[in-house]
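Student: Okay, predicted coordinates and the sequence, questions at the end:
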Amino acid sequence: MEYVCTATGFFIVVLGVVIVAFGMTFQLQMQELVHNNTHVGEYGHPGLSGLHRSMWATFLFTILGDFDATTYYNGGAGMIVCFVLVTFITNIIMLNVLIAIVSQAQEDLLSKGDYPVS
């Protein structure tokens with residue numbers, strides 16, 4: 001159980017770093033659009049103009065899948081590439097890492113014989 005808590009804590013820290021990094025990236029990309037008074041969708045003008053809003057929007061679409069496609073589409077090619085990257089990293093890679101952590105913990109417990117098999 002200790003292994004699961006340690007590994008899951010590491011997973012949450014890495015996931016948080018990914019969300020913060022991409023949230024900052026989106027905020028920097030959106031600043032230019034807001035500065036040019038370009039309407040960029042639900043989270044735009046002023047939407048993603050604040051760092052906290054940008055990170056919240058990044059959390060919403062990476063973890064919960066809630067996003068406004070026009071926000072990222074109107075942001076240009078760089079915004080679309082970042083959107084696809086963060087979606088791929090969080091939904092495919094990070095979830096596979098979490099599955100591997102839990103599977104390894106189960107394997108360790110079963111190999112020790114401390115856990116009753118039903």
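Tutor: That came in fine, so what should we check first? Residues are numbered from 1 along each chain as shown.

Student: Mean confidence (pLDDT) on stretch 68-87, please.
Tutor: Stretch 68-87 shows a mean pLDDT of 82.

Student: Distance from that stretch to the middle of the chain?
Tutor: Centroid displacement of stretch 68-87 relative to its chain, using CA atoms, centre = their mean, to the nearest Å, is 14 Å.

Student: buried set for that stretch?
Tutor: If you call a residue buried by 16 or more other CB atoms under 10 Å, then stretch 68-87 has these buried ones: 68, 71-72, 74-75, 79, 82-83, 86-87. All C-beta atoms are positioned from the backbone trio N, CA, C, and that covers glycine.

Student: Between the two ends of that stretch, how far is it?
Tutor: Its start and end residues considered, stretch 68-87 measures 14 Å (CA to CA, to the nearest Å).

Student: What's the per-residue pLDDT of Glu32 here?
Tutor: Glu32 is given a pLDDT of 69.

Student: follow-up on the earlier one: between the buried residues of stretch 68-87, which is closest to Met55?
Tutor: Val86 (11.6 Å; CB to CB).

Student: Does the closest one touch Phe22 like I think?
Tutor: Yes. Between Val86 and Phe22 there is a contact under CB atoms under 8 Å: 4.2 Å.

Student: which residues do those two both contact?
Tutor: Listed as contacting both Val86 and Phe22 by CB atoms under 8 Å, 6 or more residues apart in numbering are 58, 62.

Student: What helices and strands are in contact with the worst-scoring helix or strand of the chain on mean pLDDT?
Tutor: Lowest mean confidence among the helices and strands of the chain (mean pLDDT, DSSP states H and E): helix 69-73, at a mean of 77. Using 3 or more CB pairs under 8 Å, 6 or more residues apart in numbering; DSSP states H and E as the contact test, the elements touching helix 69-73 are helix 77-88.

Student: who are the neighbours in contact with Leu85?
Tutor: Phe22.

Student: again, 10 Å this time
Tutor: Contact analysis of Leu85 by CB atoms under 10 Å, 6 or more residues apart in numbering lists 18, 22, 25.

Student: measure the second one to Gly65 for me?
Tutor: With distances taken as CB to CB, to the nearest Å, Phe22 is found 15 Å from Gly65.
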